[in-house]
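Show me the folded form of this:
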Amino acid sequence: MRRRREALRGLYVITDTALIPDDQFADRVEAALRGGARIVQYRDKRPEPRLRERLASEVVRLCREYAALSIINDDVELAARIDADGVHVGKEDAALAHARSLLGPEAIIGVSCYNRLELALEAAAQGADYVAFGSFFPSRVKPEAVPAAPALLRQARARLDLPLCAIGGITAERAGPLIEAGADMLAVISDIFAADDIEAAAGRYAPLFAPQ
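As a prediction, this is how the structure comes out:
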């Protein structure tokens, strides 16, 4: 695995089993990559290990083809087996230290910090490669998610030398203030994978990250 912290910028798409049929999985992920997604996180909570490994392996293959990063949600062992670029963990997921010990020093490890700066500071001290905050807007995928405000990104930017990821109900129209507040990455699910034209939906994000 290769740690490419400098690549942690841009559109970060997260797969969702409710929005992506298994038989269309590779096509839809590839459409997001064609549109400019720079990171793809495979998120699948179903208790079907063979299916999950097959689909996650597709993410790794496609991300290599498009020079993007492949991240596995929660499942550190799966990330190790398929040689993904890294893993994303939350407060109820595998500990960051365990992920690092299994995946090695070059893996990318991201940590969900919700609306709590102290969690981000702790994750940074433990060696996280990026931290994620949200939900910045109401989310159809996680309606129960705690709310976060752009001011949190400014506070984190002032205290952390890590890439920051914003998540939660993000659309291209809503994204500008989050980037201005310090977000390096925008994690998006529905605005990409619920779109009729996934490639075009992803393509709306690239200009937001262009140098001013």
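
any weak-confidence spans in the chain?
1-5, 93-94, 212 (pLDDT under 70).

longest helix of it?
helix 49-65 (DSSP state H).

List the buried residues in it.
Going by neighbour count (16 or more other CB atoms under 10 Å), the buried part of helix 49-65 is Arg52, Leu55, Ala56, Ser57, Glu58, Val59, Val60, Leu62, Cys63. Every C-beta, even on glycine, is put in place using the N, C-alpha and C of the backbone.

Next: stretch 186-199.
Applying 16+ other CB under 10 Å to stretch 186-199 flags Leu186, Ala187, Val188, Ile189, Ser190, Asp191, Ile192, Phe193, Ala195, Ile198, Glu199 as buried.

got it, and stretch 150-158?
Those would be Pro150, Leu152, Leu153, Gln155, Ala156, for stretch 150-158 by 16+ other CB under 10 Å.

What lies in contact with the helix or strand containing the fourth one?
Secondary structure assigned from DSSP states H and E places Gln155 in helix 150-159. Counting by CB atoms under 8 Å, 6 or more residues apart in numbering, helix 150-159 makes contact with 115, 117, 120-121, 131, 133, 136, 164, 166, 177-178, 180-183, all of which sit outside it.

same thing but at 10 Å, please
For helix 150-159, contacts defined as CB atoms under 10 Å, 6 or more residues apart in numbering pick out 113-117, 120-121, 124, 131, 133-134, 136, 149, 162, 164-166, 177-184.

Give me the helices and strands touching whichever helix or strand comes after that helix, please.
The helix or strand immediately downstream of helix 150-159 is strand 164-167, counting by DSSP H and E. Applying 3 or more CB pairs under 10 Å, 6 or more residues apart in numbering; DSSP states H and E, we find strand 164-167 packed against strand 10-14, strand 108-112, strand 130-133, helix 150-159, helix 176-181, strand 185-188.

from the chain's centre, how far out does strand 164-167 sit?
8 Å (CA atoms, centre = their mean, to the nearest Å).

cool, and stretch 130-147?
12 Å.

residues in contact with stretch 14-21?
25-29, 32, 39-46, 51-52, 55-56, 58-59, 71, 73, 88, 140-141, 167, 187-190, 192-195, 198.

So what's the gap between that stretch and the chain middle?
14 Å.

How about that stretch, which residues are buried there?
In stretch 14-21, residues buried by neighbour count (16+ other CB under 10 Å) are Ile14, Thr15, Asp16, Leu19, Ile20.

cool, and stretch 27-43?
28-33, 35-43.

before we move on, back to that, in its sheet, what does the next helix or strand after the longest helix of the chain sit against?
As assigned by DSSP H and E, the chain's next helix or strand after helix 49-65 is strand 69-73. Strand pairing for strand 69-73, determined by DSSP bridges: strand 39-42 (parallel), strand 86-89 (parallel).
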